[in-house]
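1. sequence and predicted structure are below.
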Amino acid sequence: MINVGVNYHSPNWRDYRQSRGAQSIGPLGADRARQIRGSNKSRSRRDGVLQHIDSQIAVNRGIEDLGLKQQRPRGRKQAVKARRKETRDQDHSRFCSNFFFPAMTRPLSKHFSHKTTGWTCRSGNTRVSLAALGLILGEMPFLGAIINGDAGASVVSDNSRSPAIIHQPASVTWRAISWKMCFSGTITQSSPAVTSYRGQTVVAVGDETGVVHLIDATTGRSMPGWPQAMATSPGKVAPIESSPTFAYFNGSDAPPDIIVSAGSTWVKSTEGEVEAFSITGRQLWVFHVGRAVDTADGVISTPAVGDVIGNHRLEVVFGSWDHNIYVLNARGGEMGFAYDNADTIWSSPALYRLPGRRAADIYIGSDASGRTDSTLRGGRCVGGYLTDFRWSPRAVNPDTRAIGPGLTRSWYKCLNQSIWSSPAVGVINATGRAAVVVGSGFFEQPFPSDTNRLFAFYAKTGAPVPGWPVRTAGPAIGSPAIGTIGTSNTPAIVETVWICAGKTQSDCVVTNHSRIEAFSGAGRAIWHTELLGPAIEGSATLVPLRGETGNDVLVGTSYGIYPLDGTNGRYLFGTNGSDQWAAVSPACRVFSTIAVAPVASGWEAIASCGGPPQFHFPGEVAAFPLLINPTSTPAWPMFHYNDAHDGSSSP
């Protein structure tokens with residue numbers, strides 16, 4: 001039984017399948033010009049999440065044959081009506097089978113409504129009403145808001161969630177959620193970002209309709225002036241699949257700005273931009289990126305904030321699908337020239353100031369499509385780059401060769417596989433030297449030698465850290481987490497990866513599992529744990545969960561949230577990897593990274609739930625109280641470490 005539901009008959013799904021054409025397992029056409037392949041990469045990455053659904057179509061078809069299909073009546077209108085009903089019934093059957101039971105009494109409505117709350121899913125003598133399903137999936141509260149004319153999101157009180165544990169085993173001992181907020185827009189890869197300002201903890205997240213939400217982490221209610229929509233041109237949308245960033249441009253005592261980038265692998269006609277809002281929801285500025293030829297328009301890279309020029313001010317740094325890496329000032333103005341990478345950037349930058357330097361270096365992964373380089377074997381790089389950029393007043397523009405302020409490469413590594421993972425920086429061994437750790441993607445197929453690898457290079461020189469790279473079970477899409485785990489006092493690296501049985505993307509989704517792996521700073525495997533749900537997109541969060549000082553691990557998949565023992569990777573609090581309901585909130589489908597933060601009542605884990613728009617589930621942000629408040633600071637509390645998303649745990 002899979003834990004996702006897709007309307008295979010929707011226009012979006014048909015268009016998507018048609019758009020893939022002959023490249024149904026990703027872009028394998030070697031003759032296609034590599035410098036214009038960004039759109040294909042979007043499809044390839046979507047395939048990784050959706051392909052496990054394809055493998056279940058035959059199972060679903062078997063369910064559809066349980067008396068749901070009917071003979072179509074004669075006549076054009078009657079035939080059209082019957083086809084629509086058959087499609088709807090098939091979707092309803094998939095919904096029940098994918099999420100609850102293999103048969104049902106009456107088909108669920110394709111779109112929940114207050115008129116159909118009596119319909120149920122059934123397995124033997126067990127029934128779950130639509131009202132219960134709605135509460136489990138977080139949909140009924142949202143529909144209640146629509147019915148009552150409330151355009152905002154809805155907050156669900158703790159007392160209304162009793163149906164949410166219908167299928168959760170009694171062994172799962174995690175406390176009930178504090179609050180959850182549901183939205184009309186779906187949430188896919190936008191990880192919640194958390195900051196504390198003047199004693200109040202707030203959460204920021206974006207959805208696929210281009211709406212940014214700022215939430216009081218204590219009450220679960222929208223902050224004054226929120227939510228806010230991203231600016232768009234007519235006919236365009238600005239979906240968000242990055243994590244919002246908090247920027248304290250005027251110091252820690254002044255209100256932060258919220259920086260958000262827009263781009264999507266799931267939504268068409270997107271607007272590629274980065275936008276800034278005040279804490280009160282006022283639009284401050286919008287920066288539009290360009291569009292490379294035959295490449296999707298967007299910024300999926302999460303902006304990082306730090307002083308990269310050495311002027312004692314904060315700048316905004318991000319990569320774009322238009323092939324450029326940008327540096328903006330606090331007013332959204334471009335600083336110097338944008339560095340042309342000659343291929344798309346999916347990775348989010350990490351910022352780290354090396355000892356003795358005035359400004360932070362920029363470490364970022366990217367695609368590489370054959371730019372000429374005489375220092376490389378074969379004279380060009382095909383696959384991906386990991387690059388250390390530095391700001392220079394006399395940088396050389398790689399396109400025009402003009403000299404002026406901009407970014408220059410301090411060192412770079414050409415790998416024969418794409419780098420979609422976001423690098424993390426931290427001290428990982430006894431040398432005390434900061435290292436840059438990053439995983440490899442899956443675009444190049446059949447997989448070359450740098451696939452299924454986790455790399456570590458010293459941040460100052462780019463020299464490989466002894467013992468690295470290490471082999472992983474599959475590609476890495478998220479970002480490594482660096483910190484001590486369990487009872488150890490030495491740093492470890494924890495990364496989420498796919499599980500691949502062969503040399504192509506389609507070989508990575510056949511098991512319906514992903515894996516989380518922990519390594520020592522010397523590259524030694526410490527433990528690994530298989531997780532339910534393929535094609536994991538989020539990263540690990542390192543936080544003490546049991547009152548001790550050592551860090552445990554929180555990670556989310558499409559099957560829910562899993563707490564793991566930092567010492568050995570074993571499941572905690574009664575969760576397990578064999579029962580799809582044995583997770584913390586199994587109805588929370590996570591494609592992002594969990595954040596942990598203190599609120600007035602204690603510490604909470606905050607997750608964004610839902611999935612891609614094609615799954616037809618509204619977005620949700622939920623807060624789960626930690627059973628025991630940490631006695632030490634979490635080593636890696638959110639995506640890319642902190643609210644500035646600089647990806648650096650080193651001082």
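-> Nice, I can see it.

2. ok, how many other residues are close to residue 546?
-> Burial of residue 546 is recorded as 15 neighbouring residues (other CB atoms under 10 Å). To be clear about C-beta, it is placed using only N, CA and C from the backbone, and glycine gets the same treatment.

3. from residue 487, how far out is it?
-> With the distance defined as CB to CB, to the nearest Å, residue 546 ends up 12 Å from residue 487.

4. swap in residue 356?
-> Between residue 356 and residue 487 the distance, using CB to CB, works out to 35 Å.

5. higher neighbour count, those two?
-> Between residue 356 and residue 487, counted using other CB under 10 Å, residue 487 has the larger neighbour count: 10 against 6.

6. check contacts around the spatially closest residue to that one that is not a sequence neighbour.
-> Ranked by CB to CB, 6 or more residues apart in numbering and with sequence neighbours excluded, the top spatial neighbour of residue 487 is residue 550, at 5.3 Å. Under the criterion of CB atoms under 8 Å, 6 or more residues apart in numbering, the contact list for residue 550 reads 484, 485, 486, 487, 488, 544, 566, 567.

7. the same query, at a cut-off of 7 Å, please.
-> Contacts of residue 550 were listed using CB atoms under 7 Å, 6 or more residues apart in numbering, and they are 484, 485, 486, 487, 544, 566.

8. which of the helices or strands spans it?
-> Take DSSP states H and E as the rule and residue 550 turns out to sit in neither a helix nor a strand.

9. next one: the one 3 residues further on
-> Under the criterion of DSSP H and E, residue 553 resides in strand 552-557.

10. just the C-alphas of that strand, formatted as CSV.
-> Taking Å, rounded to 0.1, in the frame of the first residue of the first chain, the C-alpha atoms of strand 552-557 are listed here in CSV:
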residue,chain,number,x,y,z
ASP,A,552,19.2,12.3,18.3
VAL,A,553,17.7,12.6,14.8
LEU,A,554,14.4,13.7,13.4
VAL,A,555,13.6,13.0,9.8
GLY,A,556,10.4,13.1,7.7
THR,A,557,9.2,11.1,4.7
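
11. residue 371 and residue 421: what is the separation?
-> 20 Å.

12. flag the shaky bits of the protein, pLDDT-wise.
-> Segments of the chain classed as low confidence (criterion: pLDDT under 70) are 1-167.

13. grab the nearest non-local neighbour of the spatially most central residue of the chain.
-> Closest to where the C-alpha atoms of the chain average out (CA atoms, centre = their mean) is residue 189, at 2.8 Å. Closest residue to residue 189 in three dimensions, ignoring its sequence neighbours and counting by CB to CB, 6+ apart: residue 241, at 4.3 Å.

14. got the contact list for that neighbour?
-> The neighbours of residue 241, taking CB under 7 Å, 6+ apart as the test, are 188, 189, 190, 263, 264, 265, 300.

15. in ChimeraX, how would I select the buried members of these?
-> Under the burial definition 16 or more other CB atoms under 10 Å, those of the contacts of residue 241 that qualify are selected in ChimeraX by:
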select :188,189,190,263,264,265,300
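
16. just give me the closest of the contacts of residue 241 to residue 506.
-> Nearest to residue 506 among the contacts of residue 241, counting by CB to CB, is residue 265 at 17.6 Å.

17. wait, is the closest one part of a helix?
-> No. Going by DSSP: H, G, I helix; E, B strand; the rest coil, the assignment for residue 265 is coil, not a helix.

18. ok, now how distant is it from residue 296?
-> As it turns out, when the distance is counted by CB to CB, residue 265 lies 8 Å from residue 296.

19. can you give me the strands for the stretch 251-400 of the chain?
-> 257-262, 273-277, 283-288, 304-306, 315-319, 324-328, 339-340, 350-352, 361-372, 380-396 (DSSP state E, counting those that start in this stretch).

20. pairing partners for the fourth one, with directions?
-> If you go by DSSP bridges, strand 304-306 pairs up with strand 315-319 (antiparallel).

21. sorry, back to before: residue 371 and residue 421: who's more crowded?
-> More crowded of residue 371 and residue 421, by other CB under 10 Å: residue 421, with 29 against 19.

22. excluding chain neighbours, what is closest to that one?
-> Residue nearest to residue 421 in three dimensions, not counting chain neighbours: residue 439, with 3.9 Å by CB to CB, 6+ apart.

23. which ones are touching the residue nearest to the centre of the chain?
-> With CB under 7 Å, 6+ apart as the criterion, the residues that contact residue 189 are 241, 537, 591, 592.

24. quick one: which of those sit in helices?
-> Counting by DSSP state H, no part of these is found in helices.

25. with those in mind, which one is nearest to residue 337?
-> Nearest to residue 337 among the contacts of residue 189, counting by CB to CB, is residue 241 at 26.7 Å.

26. picking up where we left off before, count the residues that sit near the residue nearest to residue 421.
-> The number of residues packed around residue 439, counting by other CB under 10 Å, is 32.

27. can you check residue 568 too?
-> Neighbouring residues of residue 568 were enumerated by other CB under 10 Å; the total is 12.

28. with adjacent residues omitted, what lies nearest to it?
-> For residue 568, the nearest residue in space outside its immediate sequence neighbours is residue 527; the separation is 5.3 Å by CB to CB, 6+ apart.

29. just residue 576 next, same as before
-> residue 582 (4.5 Å).

30. give me the three-state assignment for that neighbour.
-> coil.

31. and the gap between it and residue 563?
-> Taking CB to CB as the measure, residue 582 and residue 563 are separated by 12 Å.

32. now residue 273
-> Residue 273 sits 37 Å away from residue 563, taking CB to CB as the criterion.

33. quick one on the thing from earlier: look up phi and psi at the residue nearest to residue 568.
-> When quoted as degrees, to the nearest 10, the phi and psi of residue 527 stand at phi -160, psi 160.

34. that one against residue 518, yeah?
-> Yes. Applying CB atoms under 7 Å, one finds residue 527 in contact with residue 518, separated by 5.2 Å.

35. who has more neighbours, those two?
-> Remark: of residue 527 and residue 518, residue 518 carries more neighbours, 26 against 20, as counted by other CB under 10 Å.

36. for residue 182, give the beta-bridge partners.
-> Beta-bridge partners of residue 182, as defined by DSSP bridges: residue 154, residue 620.

37. look up how far residue 228 lies from it.
-> Separation of residue 182 from residue 228 (CB to CB): 18 Å.

38. now do residue 541
-> For residue 541 relative to residue 228 (CB to CB), the value is 27 Å.

39. over to residue 501?
-> Using CB to CB, one gets 44 Å for the distance from residue 501 to residue 228.

40. so which of these two has more stuff around it?
-> When residue 501 and residue 228 are compared for neighbours, residue 228 comes out ahead with 20 against 13, by other CB under 10 Å.
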